[in-house]
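>>> Got a sequence here, can you model it:
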Amino acid sequence: MTGTEVQLANQIGRSGLEAGHVGRKRWRELSARSVTSSVRVQRPTEKSRTRANMPAVSKGDGMRGLAVFISDIRNCKSKEAEIKRINKELANIRSKFKGDKALDGYSKKKYVCKLLFIFLLGHDIDFGHMEAVNLLSSNKYTEKQIGYLFISVLVNSNSELIRLINNAIKNDLSSRNPTFMCLALHCIANVGSREMAEAFAGEIPRILVAGDTMDSVKQSAALCLLRLYKTSPDLVLMGEWTSRVVHLLNDQHMGVVTAAISLITCLSQKNPDEFKTCVSLAVSRLSRIVSSASTDLQDYTYYFVPAPWLSCKLLRLLQCYPPPEDGAVKGRLVECLETILNKAQEPPKSKKVQHSNAKNAILFEAISLIIHYDSEPNLLVRACNQLGQFLQHRETNLRYLALESMCTLASSEFSHEAVKTHIETVINALKTERDVSVRQRAADLLYAMCDRSNAKQIVAEMLSYLETADYSIREEMVLKVAILAEKYAVDYSWYVDTILNLIRIAGDYVSEEVWYRVIQIVINRDDVQGYAAKTVFEALQAPACHENMVKVGGYILGEFGNLIAGDPRSSPLVQFNLLHSKFHLCSVPTRALLLSAYIKFINLFPETKSTIQEVLRSDSQIRNSDVELQQRAVEYLKLSSIASTDVLATVLEEMPPFPERESSILAKLKKKKGPGAVSVNELEEGKREGGELNGGGERGDNSAISTPSPSADLLGLRTGPPVTAAAPSAGSLLVDVFSEAGPFFILFILLFVCKNNGVLFENQLLQIGIKSEYRQNLGRMYLFYGNKTSVQFITFTTTVTLEPLIEGGAQVQQVINIECLTDFSDAPLLNIKFRYGGALQNLTLKLPVTINKFFQPTEMASHDFFQRWKQLSLPQQEAQKIFKANHAMDTEVLKAKLLGLGMALLENVDPNPENFVCAGVIQTKAQQVGSLLRLEPNAQAQMYRLTVRSSKDTVSKRLCELLAEQF
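I've put the predicted structure just below:
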């Protein structure tokens, strides 16, 4: 029961009635909107202790009128009678609120509580809000409690009463009464409006870290701050409170630690550098819990497991960071993880399911941390062995979780071999599990553990299972079989057999990407073309042949039928008759493909020309109701009639090899499974085994679905040609695209001197767009990271951490607030790290933040300009440069660039109308720097003279350097 539910239940319970009668729908809404008044308790005694801290309620506080009203509602025989009784009560309450006689606090509390109960029954309440606000000023706990409860449930975050509520909350927060402070904090968290965040985001951290704040208030403050950060992260700025909040992990009160760690975890995910000191404290606290006996933490021991919720949260917090660099801290953490794995092997101390649940929760969280670090081979293997024991556990949920975790372990080079030892158990689970979700995870694990040594076995088992698989997962299974067959095929005849068998078994679930892919590979591999033609010819002879098989057969025989034409059993005419026997059973797209195969036959086998022309000339083709088929028949017939042999051979020549692209089947699987579905193993294994099916550079694809071309503008920001990194070699998709530029790939940022929006960086993997705005010495920059591939970017981090994953084809946004403290010349650096296909990518960019971004334009008359120009006459205050024009001398373009610089462009100031003069003040926190600019173009010589004068010499030189590159 949440805190809000407990409060209402207490009020109704004091009247001698049960609270369980309230409408389920509204009760669930109340539960969803409520924030618990304390952290999750670890023993039943903690709940009673929390209640014991509340003020005692005197016997006279029971509301008899409320009890009578609830009794009447429960005694109603019909819905109509209930509505009639509620309407009568609403009319009575409305008259009481509007009456001349002032109501005392008890009456207000009673009527407000009735309104709240009516709302929970599912009726709308449109009055009584002001009376509830008035209750907040009461000094009685029960009256204040009901007021806050009503506001938390019924007051909208955009209500006009928010300001009045905020004033009451401020009074309670400053009262230092812990009970009133907790009520106020709960209300802030429940409403969670932006206006409340603006009002209290600065006050709550102070309450949280204050030395005289009671533990119960600290817990509420931490959870309240977490709620505000989730709703308005830009308003909750920890700043000076960061270190003190982190040190709450050392608090003696476990409830405070549990509440604080939820807050710190959320903050760390967005700002890891600011909270990185929490790692050592979290390890220290985790070590104390893991090494303690169940009797050491009696108040927080749950069925013989010490503080399981806190342990899970600590392990989850550590997953926000890489392994500790400090050897002592790392050693202590490894000891903790080993202890958790050891305890998992110990006999259970209780047969209760709560004991095993708590114990396994910590174990799985520890395994997740081990997988996240991926740096301790011994721990990874031990984790794999522990999960292997769960594969045959009688509890279905444990088997599911074990399979899911092992899928991730299979992608690690340290534990991949250990995972493979469980292949028989996983295959058995695929065949015998009753739960379809567990069978699906078993298929995922087989897919993840597959490599060249076991590919044929796994593909055979998956094909066997496919015949009886659930319809909901058949398409996904087909895609996985196709990917594995392609990736690990050494014998290409096996690959062709596998795909054709796949079409035979599950033709309805074979998407276009799959049969496209087999055609691309056959075309790109000369040594498999004859075998493919022979195999598909034999497959087409089956009485029942799937349409996808007809498509593959039509395409391959049309291209390579000549390779098997020497055999009388597969002569040209036999091939044609076999294909044409399927024609009338196929859909329009397949018929169109077969017509194209027929015209190819005329080029390959001139002896079939008359037979095929007769087919093309028939009324069913030349007068077909489908315009596509009719057009093809007419054009192919005319082409075969008038074109010479040489022309026909040129037009209908064999398809060239397809260009190198990533397999579109991966994109299809990604789309089918949703976020996080494609295992990193599918790329890591390709790298580990050192090759792709088509020998790297020979692989082809006729679909552009898989990887957008480098010219794709995911962000819609491009205004000019992007700066791109060198393309990877055709031999591998796993090349580190940033390696050629060295560890610090510094991009040219001068394009952004006179503009604020555009594409900062782009290559075939990543596109980074930028939008920024500046006012005085402050700025805000929006960075957009677009994943141009179909594969996830894993552990994507920048100087400010973003989401740990960026899905294929997705885009995430990062906001950077900028403040100019003093003048500068070097732009700040942005470091980006992520994993793509198992390879760590490291990119360092200069952010386009230049000193001119903080210009405040200044309008000046001609007299004032030259007077100020003369005042800035010291040699060190002036910077001048004469340079040749890099671009055409277009007046409008020059004006646009000067305006983009941020200064005011002064018209009719310079005696020479061809010259341009500008004025502005650079706003920094430390000082203001006035600057004047004069640009003198010489159209005949195609030269410029640029002069900049500023009150600070370093600014003049920097501005002159920046601007000289713009014209």
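
>>> Could you tell me the model confidence score at residue 33?
pLDDT recorded at residue 33 is 37.

>>> can you check residue 608 too?
Residue 608 carries a pLDDT value of 89.

>>> Make residue 1 into 665 and carry on from there
Sure, I'll start numbering at 665, so the last one becomes residue 1272.

>>> ok, the residue lying closest to residue 1564 once chain neighbours are set aside - how many residues close by?
Leaving aside its sequence neighbours, residue 1564 sits nearest to residue 1418 (C-beta to C-beta, 6 or more residues apart in numbering; 3.3 Å). From N, CA and C alone the C-beta is placed, and that goes for glycine too. Residues contacting residue 1418 under the criterion other C-beta atoms under 10 Å number 19.

>>> quick one: pLDDT of residue 1418?
Residue 1418 is given a pLDDT of 75.

>>> Same check on residue 1017?
Per-residue pLDDT puts residue 1017 at 90.

>>> how much space between it and residue 933?
Residue 1017 sits 32 Å away from residue 933, going by C-beta to C-beta, to the nearest Å.

>>> So for the two, which residue has more residues nearby?
Under the criterion of other C-beta under 10 Å, the comparison of residue 1017 against residue 933 puts residue 933 first, with 16 against 10.

>>> Regarding the residue nearest to residue 1564, what is its secondary structure?
coil (DSSP: H, G, I helix; E, B strand; the rest coil).

>>> do residue 1540 as well
Using three-state DSSP as the criterion, the local structure at residue 1540 reads helix.

>>> Residue 812 too?
At residue 812 the chain is in helix, as set by three-state DSSP.

>>> Could you name the helices and strands sitting against the helix or strand that contains residue 780?
Assigning secondary structure by DSSP states H and E places residue 780 in helix 769-784. Helix 769-784 is packed against helix 667-677, helix 688-697, helix 728-738, helix 743-762, helix 793-799, helix 805-818, with contacts defined by 3 or more C-beta pairs under 8 Å, 6 or more residues apart in numbering; DSSP states H and E.

>>> Compare the ones you listed and say which comes out lowest on pLDDT.
helix 688-697 (a mean of 37).

>>> can you give me the strands in the stretch 1015-1164 of the chain?
For the stretch 1015-1164 of the chain, no strands turn up when DSSP state E, counting those that start in this stretch is the criterion.

>>> my read: residue 942 touches residue 912, true?
No - between residue 942 and residue 912 there is no contact under C-beta atoms under 8 Å: 9.6 Å.

>>> Just want to know which of those two has more residues nearby.
A count of neighbours by other C-beta under 10 Å puts residue 942 above the other of residue 942 and residue 912, at 29 against 21.

>>> which one is the more buried one nearest to, not counting chain neighbours?
Using C-beta to C-beta, 6+ apart, the closest residue to residue 942 is residue 910 (4.7 Å).

>>> Which elements pack onto the helix or strand containing the one you found?
Assigned by DSSP H and E, residue 910 belongs to helix 906-910. Judged by 3+ C-beta pairs under 8 Å, 6+ apart, helix 906-910 is in contact with helix 867-873, helix 918-934.

>>> Put the alpha carbons of it into PDB.
Extracted C-alpha coordinates of helix 906-910, given in PDB (Å, rounded to 0.1, in the frame of the first residue of the first chain):
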ATOM      1  CA  THR A 906      26.600  17.000  -5.400                       C
ATOM      2  CA  SER A 907      29.400  15.800  -3.100                       C
ATOM      3  CA  ARG A 908      27.100  16.000   0.000                       C
ATOM      4  CA  VAL A 909      24.300  14.000  -1.800                       C
ATOM      5  CA  VAL A 910      26.900  11.300  -2.800                       C
END
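
>>> How about that helix, which residues are buried there?
Buried positions in helix 906-910, judged by neighbour count with 16 or more other C-beta atoms under 10 Å: 906, 909-910.

>>> go on, stretch 1195-1206?
1195-1201, 1203-1204.

>>> Just the closest of the residues you listed to residue 809, please.
The closest of the buried residues of stretch 1195-1206 to residue 809 turns out to be residue 1203 (C-beta to C-beta; 76.1 Å).

>>> hmm, back to that, what's the closest of the helices and strands packed on helix 769-784 to residue 1213?
That would be, of the helices and strands packed on helix 769-784 and by C-beta to C-beta, helix 688-697, which comes in at 52.0 Å.

>>> re earlier: report the set of residues contacting both of residue 942 and residue 912.
Shared contacts of residue 942 and residue 912, defined by C-beta atoms under 8 Å, 6 or more residues apart in numbering, comprise residue 928.

>>> tell me which residues form a beta bridge with the closest residue in space to residue 1517 that isn't next to it in sequence?
Once flanking residues are discounted, residue 1517 sits nearest to residue 1438: 4.8 Å by C-beta to C-beta, 6+ apart. Under the criterion DSSP bridges, residue 1438 forms beta bridges with residue 1443.

>>> Counting neighbours, what do you get for residue 1438?
The burial count assigned to residue 1438 is 20, neighbours taken as other C-beta under 10 Å.

>>> Ok, the one 3 residues further on next?
Counted with other C-beta under 10 Å, residues neighbouring residue 1441 total 20.

>>> right, and it touches residue 1484 too?
Yes - counting by C-beta under 8 Å, residue 1441 touches residue 1484, with 4.3 Å between them.

>>> okay, how far is it across stretch 1073-1084, tip to tip?
Using C-alpha to C-alpha, to the nearest Å, one end of stretch 1073-1084 lies 10 Å from the other.

>>> Also stretch 866-878?
End-to-end distance for stretch 866-878, by C-alpha to C-alpha: 19 Å.

>>> SS state for residue 1171?
Per three-state DSSP, residue 1171 ends up helix.
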